[in-house]
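Novice: coords please:
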Amino acid sequence: MQRRSLIVLAGSLALMLVLGACGFRPAPGLGATANGATDGPLHADGDPVLHPIAALADRAGFNPGSGILWMNDADRQRELDAMAATGARWIALDFDWNSIQGDGPTSFRWDRSTDTVVREARARGLKIVATLAYSPPWARRAACAGTSHCLPADPAAYGRFAAAAARRYGATSTVAEFRGSVQVWQIWNEANHYPFVQPTVDVVGYTAMLRQAYPAIKAADAGATVLAGATSPAGDDPSGRDVAPATFLQGIYAYGGGGYFDAFSHHPYTYPDSPLVAAPWNAFTQTARIHQVMVDHGDGAKKVWGTESGAGTGTGPKSVTATRQAQLLHDYYTGWNGAYRSFTGPLLWFTVRDASSDTNNVTDNFGILRRDFRAKPARATLMAVLSGS
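Specialist: Numbers count the residues shown, from 1 in each chain. Below you'll find the model as predicted:
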């Protein structure tokens, strides 16, 4: 869920001036409503107004969430076909530690779902960002209260899992069909946000885990790219259950994690508002602050990847209309590949297909396809953006 940080007015004004100098402007007609209920500007035929940008296929993709691991074969393959058909090149996949090693520290069940999805994604030419999470029962901290969404008690156990995954799917795999399937590894998901690191955010524990996983992956595949963070667009919560992305990254540097990632990952959700609205709470402006932290620590050459972004349609809180979603998708890719392009990597859309037909549940309606695979306007918009047409 999007959280808006409270930033002093001076910082907000300074940020707007910087964005303005970079040519970063709100799209006409956007931001007029706080709840996103009003569509963006339209052509006479009802389609969103689009301003073509350069072909972006290698800087775009999908994050389908964990559901793709467990759906039936026919639906999974239809979803993968739908992703590939857009021309987008990337897919983020959960490598669910809880499932793969749920039977114990010496047991690996890659065949439960991971092998299948990797095989099918690769067959469609999709490049994989593998997210290594979440803790199996034997690895969890005592305070986890029965959830896999908590950091492991022993960071070295996570490092061993990361090494095993890289050995199986990386450039030196002894399993020929999987060799070179994964070149990008993401260390956890939203480790700055309570729901994924219960009972509270722990930057010390995360950094320790990062310091174990990075050399383990590199030992198996020296050319791999390791992403730290995968941060939620949260704000700094005094309780410590949420930590703003830039603050979280500062903590990683403070605890010795600076040399243990090749790029940082962020989830720049801005819905129901446009990412082209210059505002201090905007997750795109968080991206700029993240990169500034990297610059301040001598890591300015490293990129910020956007491994989740999107907007949900429907009737629930923070939902937008299908036409508005298409406009927002265009705005996401316009902003990301405009003023931000020099310091960003790919931007992935969450998700390809709605998780349910419950229109009142915004989180179930982020797809560019409806649950029954009917296309929303956002599908055509994405294809136009990626082709530069």
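Novice: so where's this structure uncertain?
Specialist: Along the chain, the parts satisfying pLDDT under 70 run over 1-54, 389.
Novice: so where do the strands sit in it?
Specialist: Ranges of strands within the chain are 60-62, 90-96, 127-133, 182-187, 225-231, 263-266, 304-306, 344-349, based on DSSP state E.
Novice: Compare these and give me the one nearest residue 172.
Specialist: When the strands of the chain are compared by CB to CB, strand 182-187 sits nearest residue 172, at 11.8 Å. For the C-beta atoms, the positions are set from N, CA and C on the backbone; glycine is no exception.
Novice: what lines up beside that closest one in the sheet?
Specialist: Next to strand 182-187 in the sheet, as set by DSSP bridges, lie strand 127-133 (parallel), strand 225-231 (parallel).
Novice: List the buried residues of the first one.
Specialist: Read it as strand 127-133. 127, 128, 129, 130, 131, 132, 133 (16 or more other CB atoms under 10 Å).
Novice: again with the last one
Specialist: Of the residues in strand 225-231, those buried by neighbour count under the rule 16+ other CB under 10 Å are 225, 226, 227, 228, 229, 230, 231.
Novice: how many neighbours does the residue nearest to the fourth one when sequence neighbours are not counted have?
Specialist: I take that to be residue 228. Nearest residue to residue 228, sequence neighbours excluded (CB to CB, 6 or more residues apart in numbering): residue 261, at 3.6 Å. By the criterion of other CB atoms under 10 Å, residue 261 has 25 neighbours.
Novice: quick one: residue 261 and residue 227 touch, right?
Specialist: Yes - between residue 261 and residue 227 there is a contact under CB atoms under 8 Å: 6.6 Å.
Novice: hey, where'd the helices end up in the stretch 251-389 of the chain?
Specialist: Here the stretch 251-389 of the chain has its helices, by DSSP state H, counting those that start in this stretch, at 283-296, 322-336, 377-387.
Novice: Does anything pack onto the lengthiest helix in the chain? Which helices or strands?
Specialist: In the chain, taking DSSP state H as the definition, the longest helix is helix 203-220. In this structure, helix 203-220 makes packing contacts with helix 155-169, strand 182-187, strand 225-231, helix 245-254, judged by 3 or more CB pairs under 8 Å, 6 or more residues apart in numbering; DSSP states H and E.
Novice: Output these as JSON lines; include the columns distance to residue 267.
Specialist: Below are the helices and strands packed on helix 203-220 laid out as JSON lines (distance: least, CB to CB, whole Å):
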{"stretch": "helix 155-169", "distance to residue 267": "21"}
{"stretch": "strand 182-187", "distance to residue 267": "11"}
{"stretch": "strand 225-231", "distance to residue 267": "6"}
{"stretch": "helix 245-254", "distance to residue 267": "9"}
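Novice: from these, which stretch is densest packed?
Specialist: strand 225-231 (a mean of 26; mean count of other CB atoms under 10 Å).
Novice: Using PDB, list the CA coordinates for that one.
Specialist: What follows is strand 225-231, C-alpha atoms only, in PDB (Å, rounded to 0.1, in the frame of the first residue of the first chain):
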ATOM      1  CA  THR A 225      23.400  -8.600 -11.300                       C
ATOM      2  CA  VAL A 226      22.300  -8.500  -7.700                       C
ATOM      3  CA  LEU A 227      19.500  -6.000  -6.700                       C
ATOM      4  CA  ALA A 228      19.200  -4.800  -3.100                       C
ATOM      5  CA  GLY A 229      16.100  -3.200  -1.700                       C
ATOM      6  CA  ALA A 230      12.900  -3.900  -3.700                       C
ATOM      7  CA  THR A 231      11.600  -1.200  -1.500                       C
END
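Novice: Other residues contacting that strand?
Specialist: 129, 131, 183-193, 210, 213-214, 217-218, 245, 248-249, 252, 257, 260-267, 290, 305, 307-308 (CB atoms under 8 Å, 6 or more residues apart in numbering).
Novice: tell me the angle it makes with strand 344-349.
Specialist: Put simply, strand 225-231 runs at 60 degrees to strand 344-349, going by axes from the mean of the first three to the mean of the last three CA atoms, to 10 degrees.
Novice: Strand 225-231: how far from the chain's middle?
Specialist: In terms of CA atoms, centre = their mean, to the nearest Å, the gap separating the centre of strand 225-231 from the centre of its chain is 9 Å.
Novice: just stretch 290-306 next, same as before
Specialist: Its chain's C-alpha centre and that of stretch 290-306 lie 17 Å apart, by CA atoms, centre = their mean.
Novice: Quick one: end-to-end distance for it.
Specialist: 12 Å (CA to CA, to the nearest Å).
Novice: Buried residues of that stretch, list them for me.
Specialist: Buried positions in stretch 290-306, judged by neighbour count with 16+ other CB under 10 Å: 290, 291, 293, 294, 299, 302, 303, 304, 305, 306.
Novice: surely the first one meets residue 247?
Specialist: Pointing back at residue 290 there. No - using CB under 8 Å as the test, residue 290 is too far from residue 247 to be in contact (10.1 Å).
Novice: All the helices of the stretch 51-200 of the chain, in order from the start?
Specialist: Counting by DSSP H, counting those that start in this stretch, one finds helices in the stretch 51-200 of the chain at the ranges 73-85, 97-100, 114-123, 155-169.
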